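**Q** kindly generate the corresponding structure for this input.
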Amino acid sequence: MFTDQSASSLALETNRRTASYHPSIWSNSFIVSNSPDDEKILALKDQQLEDLKKEVRRELIATASNSSE
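**A** Numbering: from 1, shown residues only. Alright, predicted model coming up:
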């Protein structure tokens with residue numbers, strides 16, 4: 001397929017650009033997740049969510065019982 005001449009001319013024609021990109025602004029801190037502090041915050045948010053669900057249920061029941069009277 002390639003002769004010695006065509007292979008050498010192809011190698012000469014291949015002129016690759018260098019990539020001189022700026023360093024990324026993203027550090028590993030954005031990749032790493034679920035640190036112990038995050039887990040504490042998540043547990044607190046879950047508890048707040050459950051408390052709010054209970055409060056909404058109580059209010060709905062109270063509204064339903066008041067409207068049936």
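**Q** when you work out contacts or count neighbours from here on, use the C-alpha atoms and nothing else.
**A** Fine.
**Q** for Leu52, give me phi and psi.
**A** For Leu52, the backbone dihedrals (degrees, to the nearest 10) come out as phi -70, psi -40.
**Q** all helices of the chain, in order?
**A** Taking DSSP state H, the helices of the chain run over residues 4-13, 36-68.
**Q** out of these, which is closest to Ile25?
**A** Nearest to Ile25 among the helices of the chain is helix 36-68 (22.5 Å), distances taken as Cα to Cα.
**Q** quick revisit: could you tell me the least trusted of the helices of the chain?
**A** Ranked by mean pLDDT, those end with helix 4-13 at the bottom, a mean of 58.
**Q** as TSV, the helices of the chain with mean neighbour count and distance to Ile25 would be great.
**A** TSV is the format used below for those (neighbours: other Cα atoms under 10 Å; distance: least, Cα to Cα, whole Å):
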stretch	mean neighbour count	distance to Ile25
helix 4-13	10	35
helix 36-68	11	22
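**Q** who wins for proximity to Ser24 among the ones you listed?
**A** For Ser24, the closest of the helices of the chain is helix 36-68, at 24.6 Å, according to Cα to Cα.
**Q** other SSEs contacting that closest one?
**A** Helices and strands touching helix 36-68, as assessed by 3 or more Cα pairs under 8 Å, 6 or more residues apart in numbering; DSSP states H and E, are absent.
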